[in-house]
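Participant: Just to be clear, the model below is a prediction. Sequence and coordinates:
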Amino acid sequence: MEFSKIKTVLFDIDGVLLHVTDADGNYLWRQNIESDLGIKNGDASEFFTSPTWQAIIRGKLDMEKELDRFLKGRGYSTPAREFIAYFHRKNYIPNESTISAAACISKKYKTYLATNQDEGRTRHLWNNHFSKLGFSGYFASYKVGAPKPQKEYWQAVVLGTKLAPSELLLIDDSHSNTDSAGKFGMQTYLYRSFELAQEELFTPLLGRKTPRGQLPRS
């Protein structure tokens, strides 16, 4: 990694700034969805792995309308709006140490969120959690029209930051995303844990260790 070239740092949300799965890969937010909303975990999984969901995160379809159609088709009476509120609320489990590190990095570098996300959750996370932590903005798949790891996503990032790919650092927990961004010419770091990132990336970037386990005050 060429630290001297880095001008902007891009942080993935799910899996980096937020905890999303347990050790077995099960999504944390929907562990109790059947007892809370009466919706089977498997049905929720089907929706979020469907071509419809892929179209939603590309900004092609409306989340509430498609979810309402899906729930009614499975015989559920739960309103889509209630499901979405639950999804937003339960799917915010902060990785406090990494968020704190990102806030510190934002004082030295320009930083953005880089996420595959629908419009509603992107706006919810930005307005309620990330907008006051020093980030300059976000590159969300619904707005770009293409998700990571597609080349069109990285092209939008380069266009939006007005930087050369080599001046951008992507921090992401997905091999496919870091591999694709690397082939596009960006610098990348595959996130595995805060402890490793602290040693391998955050400390070299800042020249000091970052606070651990405490969200910065907004």
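Facilitator: Here it is on my side, so go on.

Participant: looking at it, residue 201 is touching residue 187, isn't it?
Facilitator: No: checked against C-beta atoms under 8 Å, the pair residue 201 and residue 187 is beyond contact range at 10.4 Å. For the C-beta atoms, the positions are set from N, CA and C on the backbone; glycine is no exception.

Participant: residues shared between the contacts of these two?
Facilitator: residue 1 (C-beta atoms under 8 Å, 6 or more residues apart in numbering).

Participant: I figured residue 129 was touching residue 92, is that so?
Facilitator: Yes: distance between residue 129 and residue 92: 6.6 Å, which falls inside the contact criterion (C-beta under 8 Å).

Participant: what about the protein, any weak spots by pLDDT?
Facilitator: Across the chain, residues meeting the criterion (pLDDT under 70) sit at 211, 213-218.

Participant: now the helices for this protein?
Facilitator: When assigned using DSSP state H, the helices of the chain occupy the ranges 33-37, 41-48, 51-57, 63-73, 80-90, 96-105, 119-125, 141-144, 151-161, 175-184, 194-197, 203-206.

Participant: Distance to residue 169 and mean neighbour count added to the ones you listed, as a markdown table?
Facilitator: What follows is the helices of the chain, written out as a markdown table (distance: least, C-beta to C-beta, whole Å; neighbours: other C-beta atoms under 10 Å):
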| stretch | distance to residue 169 | mean neighbour count |
| --- | --- | --- |
| helix 33-37 | 36 | 14 |
| helix 41-48 | 29 | 15 |
| helix 51-57 | 23 | 17 |
| helix 63-73 | 30 | 16 |
| helix 80-90 | 28 | 16 |
| helix 96-105 | 10 | 22 |
| helix 119-125 | 21 | 19 |
| helix 141-144 | 19 | 22 |
| helix 151-161 | 11 | 17 |
| helix 175-184 | 9 | 17 |
| helix 194-197 | 12 | 16 |
| helix 203-206 | 8 | 15 |
